[in-house]
Each structure stands twice: as structure tokens, then as C-alpha cells.
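Colleague: quick one, what's the 3D model for this:
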Amino acid sequence: MYTNVWYVAARSEELKDQPLYVQMLGADFVLFRDDKGNPACLSNACPHRGDSLSNGSISDNGEIISPFSWLAI
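Modeller: Residues are numbered from 1 along each chain as shown. Next up, the predicted model:
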């Protein structure tokens, strides 16, 4: 793997209104669009609970919501 190089993770039309799980380069990622429609890519592991962020959702302001977000209520 080369660092500081762009890799194709998904086609633009695959990024819809739900997080998209992608496994590539030996790692798990979650892809989504922010509130401005820009594509974004994060590690798929939730930093709080370790769950898969791709099982979560996207907020109205374009942020990824953990599937365990109901625990904060």
C-alpha cells in the first residue's frame, strides 16, 4: 500500500443516504456524504463502543451516528 495516494473505494452513485461499508487495503472503512454532499471516509470502528459505524446512520448535518447513539439519551 502506498501512503498519500488516492484509492477508489466506491463509485459516486453508491454513496446514498446510508453509510456504506467498504473493506480494502486490509482495513474496514465507512463511506458517506457530508451535509454539503462531499464524500467522506472514516475507519468503520466507533471510537466509543467499537461497533461498526456502517450499521449506524447519517444525521441531517452530515455526521455519522453510531448505532449505539440511543445510549446517550
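Colleague: any stretches of this structure with poor pLDDT?
Modeller: For the chain, the stretches with pLDDT under 70 are 1, 70-73.
Colleague: 90 instead?
Modeller: 1-7, 16-17, 25, 46-51, 60-62, 66-73 (pLDDT under 90).
Colleague: list the buried residues of the strand ranked longest in it.
Modeller: Scanning the chain for the strand with the most residues, using DSSP state E, yields strand 27-33. By 16 or more other CB atoms under 10 Å, the buried positions in strand 27-33 come out as 29-33. In this view, the C-beta of every residue, glycine as well, is placed from N, C-alpha and C.
Colleague: quick one: which of those is nearest to E14?
Modeller: Closest to E14 out of the buried residues of strand 27-33 is L31 (7.8 Å), distances taken as CB to CB.
Colleague: pull up the pairing partners for the one helix or strand A40 maps to, direction included.
Modeller: Using DSSP states H and E, A40 maps to strand 39-43. Partners of strand 39-43 in the sheet, by DSSP bridges, are strand 27-33 (antiparallel).
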